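Undergrad: Fold the following, please.
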Amino acid sequence: TAPPAASAPPASADPARVVECAGTVGSGEWALPGTLTMPKGDGPFPAVLLIHGSGPSNRDEELGPNKPFKDLAWGLASRGIAVLRYDKRSKAYQSKILADPKLEATMTVKDETIDDAVAGAELLKKTPKIDGRRVFILGHSLGGFLMPRIALASEPLRIAGFISLAGLARPLEGTILRQMTFISSLAGPSLSDEEKKRLEDIKTEVAKIKALSDADRGSTAKLLGAMPAYWLDLRGYDPPATARSVSRPMLILQGGRDYQVQVADFDNWKAALGSREDVEFRLYPKLNHFFFEGEGLITPLEYIQKHGSVAPYVIDDIAGWIAKH
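TA: Here you go, the predicted model:
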């Protein structure tokens with residue numbers, strides 16, 4: 001395999017129009033280092049808070065040579081919109097969490113994502129040069145999946161609107177199985193015994209997740225990389241159905257070449273929210289999970305060995321939607 005491609009600044013950004021400064025999201029034992037990307041000028045500016053996908057991720061949502069959150073931050077700031085991004089709790093405090101089995105066993109998406117999203121929004125609303133009436137929250141992948149829960153948790157803040165990029169709309173454990181089945185299929189029509197066993201093991205763990213009960217909440221037996229309490233917190237969660245209770249405007253974006261979160265998920269959002277005038281949808285046929293362009297059959301190597309930037313027209317669509325609200 002080829003070495004990772006070098007990273008490059010996004011074509012959508014104009015560095016001469018942007019300034020960055022360090023910041024801290026939250027306080028106390030879970031304070032998170034972050035970066036505020038601002039347009040140059042006096043403001044007040046609208047602002048967007050970026051919420052990560054699954055797994056431990058830094059503020060750029062970096063994978064290989066790709067930094068989609070940095071692309072979004074610089075692209076939107078070049079268009080007059082401030083952006084706050086931060087290191088995810090499971091990234092910044094990974095060693096601390098893994099060193100304490102009891103702490104890891106009780107962690108849920110509320111701890112890992114939702115609480116810090118609310119803290120980030122609170123920070124933006126009181127930041128100088130930010131228009132507190134025009135603070136938006138953007139979630140990618142797992143962040144989009146959790147967007148309805150984040151919206152309900154942040155209701156007292158009166159967030160101006162919510163944006164989902166590749167937001168999962170189906171149960172997480174089933175999605176992991178679909179992803180791994182797709183990846184295994186890339187080897188050809190005949191799976192090796194090792195690949196067959198791996199898929200069977202995943203199916204077994206999915207079945208165990210579905211069979212969990214409240215009695216398992218304190219268990220430290222991981223299933224698909226997460227503790228039972230994590231899975232139980234997601235039990236019965238239907239993102240599109242929950243989003244019907246969100247009173248603020250929403251923008252749902254999806255790449256057509258995304259094998260991780262699929263067009264079927266996008267269709268589920270449309271089925272639930274398509275009748276609302278304050279919800280808009282965009283499907284981009286050429287874009288992958290990180291919203292950069294490609295052609296042909298997608299594989300995981302596309303994210304690791306190729307450098308791409310979030311497509312400028314995606315950033316234009318987000319900026320245009322924010323301007324309307």
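Undergrad: residue contacts, residue 308?
TA: Shown in contact with residue 308 (Cβ atoms under 8 Å, 6 or more residues apart in numbering): 66, 288, 290, 292, 293, 294. In this view, the C-beta of every residue, glycine as well, is placed from N, C-alpha and C.
Undergrad: Report the secondary structure state of it.
TA: Classification of residue 308 using DSSP: H, G, I helix; E, B strand; the rest coil returns coil.
Undergrad: Would you quantify the distance from it to residue 66?
TA: Look at residue 308 and residue 66: by Cβ to Cβ, to the nearest Å, they are 6 Å apart.
Undergrad: list residues touching both of the two?
TA: By the contact definition Cβ under 8 Å, 6+ apart, residue 308 and residue 66 are jointly contacted by 290, 292.
Undergrad: still on that earlier bit, can you redo the contacts of residue 308 as JSON lines with neighbour count, pLDDT and distance to residue 303?
TA: As requested, those are exported to JSON lines (neighbours: other Cβ atoms under 10 Å; pLDDT from 0 to 100; distance: Cβ to Cβ, whole Å):
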{"residue": "66", "neighbour count": "25", "pLDDT": "92", "distance to residue 303": "6"}
{"residue": "288", "neighbour count": "22", "pLDDT": "97", "distance to residue 303": "7"}
{"residue": "290", "neighbour count": "28", "pLDDT": "97", "distance to residue 303": "6"}
{"residue": "292", "neighbour count": "23", "pLDDT": "95", "distance to residue 303": "9"}
{"residue": "293", "neighbour count": "16", "pLDDT": "94", "distance to residue 303": "13"}
{"residue": "294", "neighbour count": "16", "pLDDT": "92", "distance to residue 303": "10"}
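Undergrad: Looking at those residues, which is nearest residue 219?
TA: residue 290 (34.0 Å; Cβ to Cβ).
Undergrad: C-terminal to the longest strand anywhere in the chain, what's the next element?
TA: Longest strand in the chain, counting residues (DSSP state E): strand 130-140. Downstream of strand 130-140, the next assigned helix or strand under DSSP states H and E is helix 142-145.
Undergrad: Tell me how far that following helix lies from the chain's centre.
TA: Distance of helix 142-145 from its chain centroid, counting by Cα atoms, centre = their mean, to the nearest Å, is 5 Å.
Undergrad: show me where this protein has strands.
TA: 18-25, 32-39, 45-51, 82-86, 130-140, 161-165, 250-255, 279-284.
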